[in-house]
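Engineer: Turn this into a structure:
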Amino acid sequence: MIDWEKRFPMFGLTRQHLKDAGLKEEYIQLLDDKDMQSISTNAGSLLLANGSFTDAITFAAWNCILGTKLDSNAHERQLIEDGLDKKETEKQ
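Structural biologist: As a prediction, this is how the structure comes out:
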């Protein structure tokens, strides 16, 4: 009999993908292999829904980090830091 609900990996996700998507190393280091598997599974579903790899892994990673690892202000702090980094780059 065929198991119609059996799941299969959709793609390989690395911590480098998260870094390339803009997450800071300090947050990525909080993620263990179980977290990474969860992020990969969730990102795969999001990717099918909206088609953006970067958006899918970023959303799935923050969902995991904020859900289990950090307070709810961490994402806002990173967005502020990213904005400041961009302003500094534009000035140069």
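
Engineer: mind showing which ranges of the protein have poor pLDDT?
Structural biologist: For the chain, the stretches with pLDDT under 70 are 9-10, 67-92.

Engineer: in it, which spans are helices?
Structural biologist: Along the chain, counting by DSSP state H, helices occupy 15-20, 25-28, 33-50, 53-64, 74-91.

Engineer: Quick check: Y27 vs W62, distance?
Structural biologist: 8 Å (C-beta to C-beta, to the nearest Å). Just so you know, the C-beta spots here come from the backbone N, C-alpha and C atoms, and that holds for glycine as well.

Engineer: Revised request: answer the last question for I39.
Structural biologist: With the distance defined as C-beta to C-beta, I39 ends up 9 Å from W62.

Engineer: Which one's more surrounded, these two?
Structural biologist: Ranked by neighbour count (other C-beta atoms under 10 Å), I39 and W62 place I39 first, with 25 against 18.

Engineer: excluding its backbone neighbours, what's nearest that one?
Structural biologist: Using C-beta to C-beta, 6 or more residues apart in numbering and skipping residues adjacent in sequence, the residue nearest I39 is A60, 4.5 Å away.
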